[in-house]
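> curious how this folds, go ahead:
(chains A and B)
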There are 2 protein chains.
Amino acid sequence: MTKANNIQERINIALSQTLRSAKDLPAPPKVAAAIDYAVFPGGARVRPRLCLAVAEACGDDFPKITDTAAAAIELMHCASLVHDDLPCFDNAALRRGKPTVHRAFGETVAVLAGDALIILAFENLAKGCMKCPDRLPSLIRMLTKSSGLPFGICSGQGWESEKKINLSAYHQLKTGSLFVAATCMGAVSAGEDPEPWVELGARVGEAFQVADDLKDVVGQLDELGKPKGQDAINSRPSAVSELGVEGAIDRLQGILSGAIASIPACPGEAQLCEIIRHQAKQLMPSFAADKVL
Amino acid sequence: MTKANNIQERINIALSQTLRSAKDLPAPPKVAAAIDYAVFPGGARVRPRLCLAVAEACGDDFPKITDTAAAAIELMHCASLVHDDLPCFDNAALRRGKPTVHRAFGETVAVLAGDALIILAFENLAKGCMKCPDRLPSLIRMLTKSSGLPFGICSGQGWESEKKINLSAYHQLKTGSLFVAATCMGAVSAGEDPEPWVELGARVGEAFQVADDLKDVVGQLDELGKPKGQDAINSRPSAVSELGVEGAIDRLQGILSGAIASIPACPGEAQLCEIIRHQAKQLMPSFAADKVL
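Numbering: from 1, shown residues only, chains lettered A, B, ... in the order given. Below you'll find the predicted structure:
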């Protein structure tokens, strides 16, 4: 088995274990099925991969904590997608190539599935830290900071309901914050100070958002798993509408170089650089992949 | 200032402090206003009062933790009300005598406000435990158990979307679970074993649900802050539809006696009995208040 497959499997096992007990009776069958449907099969699992990669670069001395941190980040991400797809937000029909949760299970079940996934993220962190509670307060606070008010996903989504919006603050809140959580929680899971890892998370998150804006314009349905052109339809702020396709590609290239340069000195620094470089190539539209150094 | 006013003020201060930083910029103004609107002015604050009462009965050696636990329980309760009132659930127009969050701020803001309150509950717990992290894993797990799948509020709400439903399991999940969290988290906040406190929480929760069913039939709009008859309109299971008004009052009386009898030996046992007895009188419909021993 290759290294990449190993990581993917480690993430999926961590997620399966987290969901297992939640789906037992007396869980109502539809909500139980919906949380599974929202998490499996996943997308690229970019955030938990980043969390694991940083933890491994820092020594990963307590893999159980790292697993629960990575899973918590992915569950929070999945929850935000379920709620963001609801009729009152994007009213999306497709996500990851299949009907969205509310289309498959109804709106009430989708609201509850999102809530349950958020709660499960914290439950999982607490379970992972039962034997090492010292790391739990920081992990919880990083996850809440990245997901709630005033700095997290909820803030980012909330700005879509406001008349005046700042593009860069919006992106940072809606997408960047969970990437910062990924790198910082990876470091804390391995017993390291999170502060030096903020920049890497922020830059990867920013790159990911610009790449997503690009894919929304130039990508194919097969690649994306959802219809393109949604940003324009929903009048969402986008790097492409601001800078054009070429300008957005140049910005993406700059951000990714900065991300690699920001990696702090750590035991697994070289390997982590390779992982980020590999990730960067996948983020670029295929016709511009050679722009990654 | 009386003891009761002291407790009410302690809860409101804890809640205000929790919300304060969440509402700072870059929080989007509408969601920030909505979380405040959902929490203030509150209802009877029954759950955090119960949490504080148990913690005080157990010595309350670390009041900061108790405050954050009590606030976390109330925030989780408020979040569940905001989501439960949404058009896809009860489509409620009034809550605590004023328009529901989605009527006042719109549906997207209401979904996000509920999410933000859930996240804030955990953030607050983590903040409260920074200096005493040993108590945090248990507090988190009790809050998640009472709110998520398979044993918490999300499960209770989820059963409303199922064709076959078990009345007692439904009540336990939708209402009882957060009362169990209130007593158990009160005990853990004060460094005590939660197990002996499960029964008190379960019984108070059951009593509260029966009282709520009774008020929905015999109460006045002024007392309730929402239109009565909602259970019948929404075809909700109810103790009154099962047992009739007199039967439900008898059941309520039995549950409350059992609650008082279940209080474990602890330094503040006598005072806690008085608090529960006082609470019991308030739960009974006014024409049957003398039935509390």
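
> rest of the way, CA atoms for contacts and neighbours
Will do.

> just want the most central residue of chain A.
When CA atoms, centre = their mean is applied to chain A, the residue found nearest the centroid is residue A:47 (4.1 Å).

> in contact with that one, which residues are there?
Contact partners of residue A:47, counting by CA atoms under 8 Å, 6 or more residues apart in numbering or on different chains, are A:70, A:73-74, A:178-179, A:182.

> can you pick the most crowded of these?
residue A:182 (35 neighbours; other CA atoms under 10 Å in any protein chain shown).

> related to what we said a few turns ago, and the contacts of residue A:47 as JSON lines, adding pLDDT?
Shown next, in JSON lines, are these (pLDDT from 0 to 100):
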{"residue": "A:70", "pLDDT": "98"}
{"residue": "A:73", "pLDDT": "98"}
{"residue": "A:74", "pLDDT": "98"}
{"residue": "A:178", "pLDDT": "95"}
{"residue": "A:179", "pLDDT": "96"}
{"residue": "A:182", "pLDDT": "98"}
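
> which ones among those residues lie within strands?
Judged by DSSP state E, these include no members of strands.

> between these, which is closest to residue A:60?
Lowest distance from residue A:60 to those (CA to CA) belongs to residue A:70, with 12.3 Å.

> now the closest one: how far from residue A:13?
Counting by CA to CA, to the nearest Å, the separation of residue A:70 from residue A:13 is 11 Å.

> ok, residue A:117 next?
From residue A:117 to residue A:13 the distance is 16 Å (CA to CA).

> who has more neighbours, those two?
Neighbours were counted for residue A:117 and for residue A:13 using other CA under 10 Å; residue A:117 has more, 29 against 14.

> the more buried one against residue A:79, yeah?
Yes - counting by CA atoms under 8 Å, residue A:117 touches residue A:79, with 5.6 Å between them.

> quick one, strands of chain A?
Assigned strands in chain A, in chain order: A:94-95, A:98-99 (criterion: DSSP E).

> save these as JSON lines, and put in distance to residue A:169 too.
JSON lines is the format used below for those (distance: least, CA to CA, whole Å):
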{"stretch": "strand A:94-95", "distance to residue A:169": "25"}
{"stretch": "strand A:98-99", "distance to residue A:169": "30"}
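
> nearest to residue A:30, out of the ones you listed?
Of these, the one closest to residue A:30 (CA to CA) turns out to be strand A:98-99, at 15.3 Å.

> and that closest one, which strands flank it?
Each strand paired with strand A:98-99, and its direction, by DSSP bridges: strand A:94-95 (antiparallel).

> now the strand it pairs with: how far from the chain's centre is it?
Put simply, strand A:94-95 sits 16 Å off its chain's centre (CA atoms, centre = their mean, to the nearest Å).

> likewise for stretch A:270-286?
With CA atoms, centre = their mean, you get 16 Å for stretch A:270-286.

> now it: buried residues?
In terms of neighbour count (16 or more other CA atoms under 10 Å in any protein chain shown), stretch A:270-286 has its buried residues at A:272-273, A:275-277, A:279-281, A:283-285.

> do stretch A:54-64 as well
Residues of stretch A:54-64 classed as buried: A:54-60, A:63 (neighbour count, 16+ other CA under 10 Å).

> dump these into a markdown table; add pLDDT as well.
Converted to a markdown table, the buried residues of stretch A:54-64 look like this (pLDDT from 0 to 100):
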| residue | pLDDT |
| --- | --- |
| A:54 | 98 |
| A:55 | 98 |
| A:56 | 96 |
| A:57 | 97 |
| A:58 | 97 |
| A:59 | 97 |
| A:60 | 96 |
| A:63 | 96 |
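
> burial count for the residue in the stretch 101-250 of chain A positioned nearest to chain B?
In the stretch 101-250 of chain A, the residue that lies nearest chain B is residue A:150 (4.1 Å; CA to the nearest CA). The number of residues packed near residue A:150 is 25, by other CA under 10 Å.

> repeat that for the one 10 residues further on.
Burial measure for residue A:160: 20 neighbouring residues, criterion other CA under 10 Å.

> could you report the pLDDT at residue A:42?
Residue A:42 is assigned a pLDDT of 91 by the prediction.

> the spatially closest residue to it that is not a sequence neighbour: neighbour count?
What sits nearest to residue A:42 in space, not counting adjacent residues and going by CA to CA, 6 or more residues apart in numbering or on different chains, is residue A:96, at 7.6 Å. Each residue near residue A:96 was counted by other CA under 10 Å, and the total is 18.

> so residue A:96 makes contact with residue A:45?
No - if you go by CA under 8 Å, residue A:96 and residue A:45 don't touch, sitting 11.8 Å apart.

> what's the closest non-adjacent residue to residue A:91?
Distances taken as CA to CA, 6+ apart put residue A:85 closest to residue A:91, at 5.4 Å, once the chain neighbours are dropped.

> over to residue A:159?
Of all residues not flanking residue A:159 in the chain, residue B:28 sits nearest, at 5.3 Å (CA to CA, 6+ apart).

> one more: residue A:195?
Sequence neighbours aside, residue A:184 is the residue nearest to residue A:195 in space, at 7.1 Å (criterion: CA to CA, 6+ apart).
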